[in-house]
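Participant: My questions are about this predicted structure, shown below with the sequence.
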Amino acid sequence: MAKPKRKPLTTLDCRKTLIAPSILAADFANLGADVKAAEEGGADVIHVDVMDGHFVPNLSLGPGIVKAIRGYSSLPFDVHLMLSQPFRYIEPFADAGADHITIHVESEGAMACTLEQIRSCGCSTGLSLRPGTPAASLVPYLDLIDLILVMTVEPGFGGQAFMPEQVAKIAEIRSMIDRSGRHIHLEVDGGIARDTAVPVRKAGANMLVAGSSVFKEKGKLAEAISGLRSAQ
Ligand code: DX5
Ligand code: ZN
């Protein structure tokens, strides 16, 4: 299917602070309106959390929902697959309107093949690490990815407390990216708010996923987003 014209994630500057509201914390009865409000509030990217009840102990949403909300925003959709077998769902999410797909390095399947599958569907690629997974596990795939997502909570639920012990790993990955000379976004996800945004930015993350801290501010999304962007 031909891709509609949207800015690919790879054209967003990886030295700038980018804000990616996670719709997991949005109002599921009004998802379209919340996605639109996030764009109007200054979001750079829409973060979509997909859970299979197996890789993580929770279920969230599928390609049908992504397709239903696609028309409410022209921002890139950053789809975070928390799935045991992500290779089974790349095409359905790409067809539904994903612009970027992140899979977990701990999931099943040959990583390089799944990343290639994502590219061949016209999406940019990301690899995510659970808190207990070392940075070194990314090394074989650095040439194949456009984004690294460091989980700062155990994946599965919104509204959890930020894990400060992940900050050292973020700094380690920042050096890894700089040494590679490649344009790779360093995204963090879990418990990100104005206060926790400070150490992750200092450690070198440039893309901040935020669910609760953005969507709990009903009617004040713009303040929440600009507060995150200016945290330092
Ligand atoms: C957790 C998800 C996160 C979650 C973040 O598994 O990957 O994207 O929505 O939510 P907050 O910002 O509330 O921690
Ligand atoms: Zn996420």
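Facilitator: Cool, got the structure. Numbers count the residues shown, from 1 in each chain. Ligands and ions are numbered 1, 2, ... in the order given.

Participant: rest of the way, CA atoms for contacts and neighbours
Facilitator: Noted.

Participant: Roughly how far does Gly190 sit from Phe162?
Facilitator: Distance of Gly190 to Phe162, computed by C-alpha to C-alpha, to the nearest Å: 6 Å.

Participant: Find the residues that touch each one of those two.
Facilitator: Listed as contacting both Gly190 and Phe162 by C-alpha atoms under 8 Å, 6 or more residues apart in numbering are Thr152, Val153.

Participant: ok, and what's touching the longest helix seen in the chain?
Facilitator: When the chain is parsed with DSSP state H, its longest helix is helix 167-180. Helix 167-180 is contacted from outside by Pro134, Ala135, Leu142, Val150, His183, Ile184, Leu186, Pro199, Val200, Ala203, Gly204, Ala205, using C-alpha under 8 Å, 6+ apart.

Participant: Figure out how far it is from the centre of its chain.
Facilitator: From the chain centre to the centre of helix 167-180 is a distance of 17 Å (C-alpha atoms, centre = their mean, to the nearest Å).

Participant: Enumerate the beta-bridge partners assigned to Ala210.
Facilitator: Pro21 (DSSP bridges).

Participant: ok, back up a step: in terms of neighbours, single out the busier of Gly190 and Phe162.
Facilitator: Neighbours were counted for Gly190 and for Phe162 using other C-alpha atoms under 10 Å; Gly190 has more, 26 against 18.

Participant: Next one, pLDDT for that one please.
Facilitator: Looking at Gly190, its pLDDT reads 98.

Participant: so it touches Gly158, yeah?
Facilitator: Yes: in this structure, Gly190 is within contact of Gly158 by C-alpha atoms under 8 Å, at 7.1 Å.

Participant: Need the residues touching each of those two.
Facilitator: Here Gly190 and Gly158 share the contacting residues Gly211, scored by C-alpha under 8 Å, 6+ apart.

Participant: Okay, buried residues for the longest helix of the chain please.
Facilitator: Buried residues in helix 167-180, defined by neighbour count with 16 or more other C-alpha atoms under 10 Å: Val167, Lys169, Ile170, Ala171, Ile173, Arg174, Met176, Ile177.
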